[in-house]
Structure formats: C-alpha cells, structure tokens
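K.L.:
I would like to see how this sequence folds:
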Amino acid sequence: MNVAIVGASGAVGQEFLRVLAEREFPIDNLLLFGSERSAGRKYVFRGKEVEVKLLQHNDDFKDVDIAFTSAGAGTSKEFAADITRFGAVMIDNSSAFRMDEDVPLVVPECNAADALNRPRGIIANPNCTTIMMVVALQAIENLSHIKRVHVASYQAASGAGQAAMDELMEQYRQVLAGEEPTVQKFAYQLAFNVIPQIDVFQENGYTKEEMKMFHETKKIMHTDCLTSATCVRVPSLRSHSEAIWVETEEPLEVADVRKAVAEGEGLVLMDNPEKKEYPMPLFLAGKDPVYVGRIRKDLANPNGLTLWLVSDQIRKGAALNAVQIAEYLIKVGNVK
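P.N.:
Numbering: from 1, shown residues only. Now for the predicted structure:
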C-alpha cells in the first residue's frame, strides 16, 4: 500500500504520522508533501527517515493508493485532479468538498458505506465539531429518531492549528509577566478569555463553523434533524467539548441512553456524578474515543435529553477519522 500525506508538517499532518504508526496501518511506501516552506524537512516513520517533497502539478501521485490531505481548502481544490488522476483515493480534511453532492462526507461509525460511492475519487472528512457530535448522536438515533439538536461547543486553541496553540501558551506567559499579549491567530486575546466566534459570520448571524454543524449533520446521518449551534473558542490547549440538547420523537429513559452510549462504536461512557467523573479535555487529549457524560433528562422538554462530550479534535476530529475511513476501504477491498 502506497500512502501519501499532503500537509505533513502541520498539526494534523503530524498526527497522521502518529495515528498511522500506532494503528499499524499497512504501508509499503510513505510519501510526504508540503509547501515550499516545509519541503526538505525530514520525519522519522517506523524507524525510517522520510523527506517532505514539494507539492507540485506533476505525476508524483501515480503509484499512490491513498492520499490523506490536510493543507487547507485552497490547496485541496488546486491539487485534487493531480492527486486522483491515477486512481488514488483522496481523503480530504479540509472544507473544500464537504457539501459537494458527488463527494461523500463520512464518519465511519455513522455512514461508512457512503465512502464506496465517490465518483471524483474524493472522500471528505467532516468538521471536527461535527464528527464528535454525530458519533454520540448515532447511539441515540438508534433508539429514537432525533428531531432537533442544540449544541454549544467549547473549542480548544488546537482547532486553529499549531501556531494557535503556540500563541495561547505565549499569551499566558506574556500576561503573567505583565507584558502586552501577542494577538495574531484569533480576533482577541484568548488567554484568560473566551471568544464566541469561530470562523466568519454569515448573513443569518451564525458563523460558518456553526452552519457547518447544521449542514454536515444532515448529510452524514441522512436525516432531517435540525441543528442549532453556538461555537466558542476557549483557552484550553487541546480537545474540544460540547454541551448538547437533543429532542427525540419518543421520550427516552436515561438508563437506556447510557447503555446505548456504553455499547456505541467509538464512544466511552464517563458518567458518574457521585464520584465527579465526567469528561474533561485536560485528561483526554491524545485519546481516540468520544467521551460522553452528564446524561440527563431535559427539564424543559419531555422528549429531550442533555449530555456533555469531549474528544481530541486533532485525532478523532481529523487524522483518526480519516485513517478509519481508509481502514474501512481496505477491509471491504475498495482501494485500487
């Protein structure tokens, strides 16, 4: 199996290397691609040094079976034809193709089979906040159809990349030292603050990030469920959290939902209020599953439930989900 990673030097690209190694993904040859800034860098994979090649319009992907791309929407759009021309499966982590009708948007726990129908050779990885939410929603959907979702996300600096994580750390240092904090990656200082904006505002008053959750949930789950989101950047380093309220067609018992979550694919139930056991990003960075806790009846809706999620958005929200898609394709024999 010949595998390529586009955007190898970024936070997600580096996570791809870790996830592929940890999961013993079948790789005969690994190719790394990047920008002029990254080309020439070397990374060790399974004891072997691999040099990052400059991404160009050429035949470098001729023998590639699977290409993981995480270099931004513009780069994905520009190089998609080069990557897929010779039959490689392009699993793209950007927003470039997510809502295109002829590109499947896949979370394996929900709709793995959608990946088999890819007329352009491209499979889109959903937005990180959507991924962790739908993994949990699927367990509830299996009990009763979900009609509405309200969600508030608490998104770590890592969602904006390695430079944003570095800036947050530096801001904390600067503020504690009495210095003026550097503000470049976010609209405002993030240290000791929360920012109720992720991505740009749309005409309806929602941000682009919030609308991604609305549209992507429908496409992934093949549902008419309506999702209303408020996405907030918080000053934690890594792993996103979400407070979710769901309305189902039939009222559900909390015990049944807990059981469904405990048995759900890709989920870990962490819900013991008496012992103060619930998911927190501080302890779950670097973990694969979506952790679910604080499951309870919604006091404002007889058919409602509320729950709390935490997941590492660089892993399940990006690299891991893409690798799981590739593992599924290999399992069913759907790679060239």
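K.L.:
does Ala88 touch Asp65 like I think?
P.N.:
Yes. Ala88 lies in contact with Asp65 (C-beta atoms under 8 Å); the separation is 6.2 Å. C-beta here means a position set from N, CA and C on the backbone, and glycine is covered the same way.
K.L.:
the closest residue to Thr217 other than its chain neighbours - how many residues pack around it?
P.N.:
Leaving aside its sequence neighbours, Thr217 sits nearest to Thr227 (C-beta to C-beta, 6 or more residues apart in numbering; 4.8 Å). By the measure other C-beta atoms under 10 Å, the count of residues near Thr227 is 26.
K.L.:
Thr227 against Lys212, yeah?
P.N.:
No. In this structure, Thr227 is not within contact of Lys212 by C-beta under 8 Å, at 9.8 Å.
K.L.:
surely the residue nearest to Thr217 forms part of a strand?
P.N.:
Yes. Using DSSP: H, G, I helix; E, B strand; the rest coil, the assignment for Thr227 is a strand.
K.L.:
ok, it - contacts?
P.N.:
Contacts were defined as C-beta atoms under 8 Å, 6 or more residues apart in numbering; by that measure Thr227 touches Arg148, Val149, His150, Val151, Met213, Phe214, Thr217, Lys218.
K.L.:
of the residues you listed, keep whichever come out buried.
P.N.:
Using 16 or more other C-beta atoms under 10 Å as the burial test, the contacts of Thr227 include Val149, His150, Val151, Met213, Phe214, Thr217, Lys218 as buried.
K.L.:
packing partners for the strand or helix carrying Ala139?
P.N.:
Remark: Ala139 resides in helix 128-141, with elements defined by DSSP states H and E. Applying 3 or more C-beta pairs under 8 Å, 6 or more residues apart in numbering; DSSP states H and E, one finds that helix 128-141 makes contact with helix 108-111, strand 146-155, helix 208-221, strand 240-248, helix 254-263, strand 267-269, strand 290-297, strand 304-311.
K.L.:
in a markdown table: those, plus mean pLDDT and distance to Val332.
P.N.:
Listed next are these as a markdown table, based on pLDDT from 0 to 100; distance: least, C-beta to C-beta, whole Å:
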| stretch | mean pLDDT | distance to Val332 |
| --- | --- | --- |
| helix 108-111 | 98 | 11 |
| strand 146-155 | 98 | 28 |
| helix 208-221 | 98 | 19 |
| strand 240-248 | 98 | 30 |
| helix 254-263 | 98 | 23 |
| strand 267-269 | 98 | 23 |
| strand 290-297 | 98 | 24 |
| strand 304-311 | 98 | 26 |
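K.L.:
now tabulate those in JSON lines and tack on distance to Ser94.
P.N.:
Output for the helices and strands packed on helix 128-141, formatted as JSON lines (distance: least, C-beta to C-beta, whole Å):
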{"stretch": "helix 108-111", "distance to Ser94": "19"}
{"stretch": "strand 146-155", "distance to Ser94": "17"}
{"stretch": "helix 208-221", "distance to Ser94": "12"}
{"stretch": "strand 240-248", "distance to Ser94": "18"}
{"stretch": "helix 254-263", "distance to Ser94": "30"}
{"stretch": "strand 267-269", "distance to Ser94": "26"}
{"stretch": "strand 290-297", "distance to Ser94": "22"}
{"stretch": "strand 304-311", "distance to Ser94": "19"}
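K.L.:
highest mean neighbour count out of these?
P.N.:
Per-residue neighbour counts averaged over each of these give the maximum for strand 304-311, namely a mean of 24 (mean count of other C-beta atoms under 10 Å).
K.L.:
now it, how far from the centre of its chain.
P.N.:
Taking C-alpha atoms, centre = their mean, to the nearest Å, the mean C-alpha location of strand 304-311 is offset from the chain mean by 17 Å.
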